[in-house]
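Novice: All I have is the shape, not the residue letters:
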C-alpha cells in the first residue's frame, strides 16, 4: 500500500529526496551537493549532468534509508531552483552548455538592449517582472547567441529549454526515449516569457528574445499527473518552484498570508488570491500556485540574492568560520554589530532596488570592530534585507504584516530569528517541520493523486514549532534600520566600464 510521497528538491547548492508521511512528517532523506562553477566574476553555473546523476543517487538513498520500495510511493513531487536555465539537445539528452544559475549576471547587456528606451519595465504588464539578469529568458538568449551551433539547432527544433524542474522531469520520464517536456505555472512565471493573465507563452516576448517557441515546455498546473517515472513506475504529479512550494507547505492559502524562506537567498511571498497585483515598490508579481483545474493564485514576491550564501562566503572565501553554525557562536560574543554593516550585493541588488551594477560592501569599520561584530553584521544583513521587502509588501498590498512564517536552513539560527522579529516589529513563527519547500511539492503531488484530500489536509498538518516576539525598543529599531539604508547606498553604481575591464584583467591573470 502506498503510504508515502516522495519530493525531489533540486536546489541551488544540493539535490535532496525526502519521503513524507501522510501527516506531513519526514520519513527519510537523501542529499548530495553539486559543484558551484564560477567561470568569471558574476558568472554562476551548474553541470546539468551532475545534477541528474545526483538526483538518481539521492532517490536511492532516501528509499534505502526508509526501507521503502516503489509500491510504497503514491506520487513524486518536484520543487526546484527557479530561473536557473538549462538548454539541452532532445536527441542526445546532453546540455549544450552548463545551467546558468539564477544568481548569474552575465546577461546585463542583453537586458539593457532588450529594455531599450522602454527600460526595465518593458514587459512588466505581460509577465509581472522587471527586465533583470535574474530571470531565465535572457539566459536562454545568451546561450543561443554564444554557444556555437546552438541557434541553428534551436531553430531546427532540436533544442529544449527549461528550469531545472523541466530537466528533472524530462529525465525521470525517459529522456531521449519519450521524456515529457513540461513545466508548471510557477516556474513558467519566472522566465519572463509567460503571460500572467493567460498562463501561456508570450509569442511577442519570446520573439524579442530570439527564443523559438519549439524550445519551450508545455505549461501545466502545479498539481496534476504529468507522466510516470520510468524506473520507479510512480506518477510525477506535482511541480512548484521552490519559493512557491514553501508557501504551499506553510499553508499560506488565504489572501494576505506570507512566508519567508531563508536559504542561499531569501524569498518572501505574499498571497494576493486570484488577483494580479502590480508592484509599485520593487517587488515581483508571480504565480503562487495552481491546483489542477482551479483558478491560479497569485503572489507578490520580494527576492533577495544573498543571505545564506554570505555565510558560505565568510566560510569558504574569507575563512572567518569553519562551518556555518559557528557564525551564531561568534555573533553571540558581542551585544551588537559595533557599527559594522555588510551589504552583500555580490550579484547586484535584487528587491526592492534591482540594481545590477551594485557590488558588496562592508561599511562602518573602526579599530573597535572584530570578527564577532562582522559575524553579527552578516546575520543582521539578512534581517535588514527582509525588512526592506516587508515594507515594500505593506506599501503594495495595503496590508500590514502581523506575523511572519519562516522556513529554510537559516531558521535554525535563533539569534537571527530573534533579530528578525526585533527589526520587523512582529512575531516570527517557525513550523514544526521546517522543510516546507520539499513538503509543499509533496502536498501538491499527493493532492493530484488523491493521497491528500486538498488544502485542508495541509492546514491541519501545519504545526507551530517556535515563536519569537519583538524585544527591541522602537527608537533602536529605527536607528539601526536608518543606518542600514545608508549602508545600502554605498553599493550603488559600482560597476562601470573601468571596473569591468579590471575584473576581466584579473580573470585573465588568474587563468594564465
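Specialist: That came in fine, so what should we check first? Keep in mind it's a predicted model, so treat the numbers as computed, not measured. Numbers count the residues shown, from 1 in each chain.
Novice: And the pLDDT for the most far-flung residue of the chain relative to its centre?
Specialist: Relative to the mean C-alpha coordinate of the chain, counting by CA atoms, centre = their mean, the farthest residue is residue 367 (37.4 Å). Among the per-residue scores, residue 367 shows a pLDDT of 95.
Novice: ditto for residue 429
Specialist: Model confidence at residue 429, expressed as pLDDT, equals 94.
Novice: Over to residue 200?
Specialist: 97.
Novice: That one - nearest residue in space that isn't next to it in sequence?
Specialist: In space, and not counting its chain neighbours, residue 200 is closest to residue 219: 6.4 Å by CB to CB, 6 or more residues apart in numbering. No exception for glycine: its C-beta is placed from N, CA and C like everyone else's.
Novice: what helices or strands is the helix or strand encompassing the one you found leaning on?
Specialist: Using DSSP states H and E, residue 219 sits within strand 218-220. Contact partners of strand 218-220 among helices and strands, from 3 or more CB pairs under 8 Å, 6 or more residues apart in numbering; DSSP states H and E: strand 182-184, helix 185-188.
Novice: Go again with 7 Å.
Specialist: strand 182-184 (3 or more CB pairs under 7 Å, 6 or more residues apart in numbering; DSSP states H and E).
Novice: Give me the sheet partners of the strand it packs on and which way each runs.
Specialist: Sheet pairing of strand 182-184 (DSSP bridges) gives strand 218-220 (parallel).
Novice: buried residues in the strand it pairs with?
Specialist: 219-220 (16 or more other CB atoms under 10 Å).
Novice: Residues in contact with that strand: which ones?
Specialist: Strand 218-220 is contacted from outside by 181-185, 188, 194, 199-200, 226, using CB atoms under 7 Å, 6 or more residues apart in numbering.
Novice: cutoff 8 Å now
Specialist: The contact list for strand 218-220 (CB atoms under 8 Å, 6 or more residues apart in numbering) reads 181-185, 188, 194, 199-201, 226, 239.
Novice: Follow the chain on from that strand and name the next helix or strand.
Specialist: strand 223-228.
Novice: could you check the angle strand 223-228 makes with whichever helix or strand comes after that next one?
Specialist: Next helix or strand after strand 223-228 toward the C-terminus (DSSP H and E): strand 235-241. Interaxial angle of strand 235-241 relative to strand 223-228 (axes from the mean of the first three to the mean of the last three CA atoms, to 10 degrees): 120 degrees.
Novice: Which residue ranges of the stretch 401-512 of the chain form helices?
Specialist: 414-424, 436-449, 455-461, 474-489, 497-511 (DSSP state H, counting those that start in this stretch).
Novice: Buried deepest among those helices, which one?
Specialist: Greatest average neighbour count among those goes to helix 436-449 (a mean of 30), per mean count of other CB atoms under 10 Å.
Novice: Throw the helices of the stretch 401-512 of the chain into a markdown table and include distance to residue 467 and mean pLDDT, thanks.
Specialist: As requested, those are exported to a markdown table (distance: least, CB to CB, whole Å; pLDDT from 0 to 100):
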| stretch | distance to residue 467 | mean pLDDT |
| --- | --- | --- |
| helix 414-424 | 9 | 96 |
| helix 436-449 | 16 | 94 |
| helix 455-461 | 18 | 90 |
| helix 474-489 | 19 | 96 |
| helix 497-511 | 45 | 61 |
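Novice: Among these, which comes closest to residue 28?
Specialist: Minimum separation from residue 28 across the helices of the stretch 401-512 of the chain (CB to CB) falls at helix 436-449, 11.9 Å.
Novice: Distance of the nearest residue to residue 332 once chain neighbours are set aside relative to residue 473?
Specialist: Spatially, and ignoring its direct neighbours in sequence, residue 332 is nearest to residue 415 (5.9 Å; CB to CB, 6+ apart). Computed with CB to CB, to the nearest Å, the distance linking residue 415 and residue 473 is 18 Å.
Novice: and if you look at residue 272?
Specialist: According to CB to CB, residue 272 stands 33 Å off from residue 473.
Novice: Which one's more surrounded, the two?
Specialist: residue 272 (21 against 10; other CB atoms under 10 Å).
Novice: now the strands for the stretch 51-200 of the chain?
Specialist: According to DSSP state E, counting those that start in this stretch, the stretch 51-200 of the chain carries its strands in the segments 73-80, 86-89, 99-100, 159-162, 182-184, 194-195, 200-201.
Novice: so which of those strands is the most packed in?
Specialist: Using mean count of other CB under 10 Å, strand 73-80 ranks as the most buried of the strands of the stretch 51-200 of the chain, with a mean of 30.
Novice: helices or strands up against that strand?
Specialist: Counting contacts by 3+ CB pairs under 8 Å, 6+ apart, strand 73-80 is packed against strand 4-10, helix 164-172, strand 235-241, helix 242-249, helix 436-449.
Novice: what angle sits between the third one and helix 436-449?
Specialist: Orientation note: strand 235-241 sits at an angle of 140 degrees relative to helix 436-449 (the same axes, to 10 degrees).
Novice: please begin residue numbering at 509 from this point
Specialist: Yep, numbering from 509; the last one is strand 743-749 now.
Novice: Stretch 672-687: how far from the chain's middle?
Specialist: How far stretch 672-687 lies from its chain's middle: 21 Å, per CA atoms, centre = their mean, to the nearest Å.
Novice: what does stretch 713-729 give?
Specialist: Chain-centre distance of stretch 713-729: 21 Å, with CA atoms, centre = their mean.
Novice: Please identify the helix or strand for residue 777.
Specialist: Secondary-structure assignment from DSSP H and E places residue 777 in strand 774-781.
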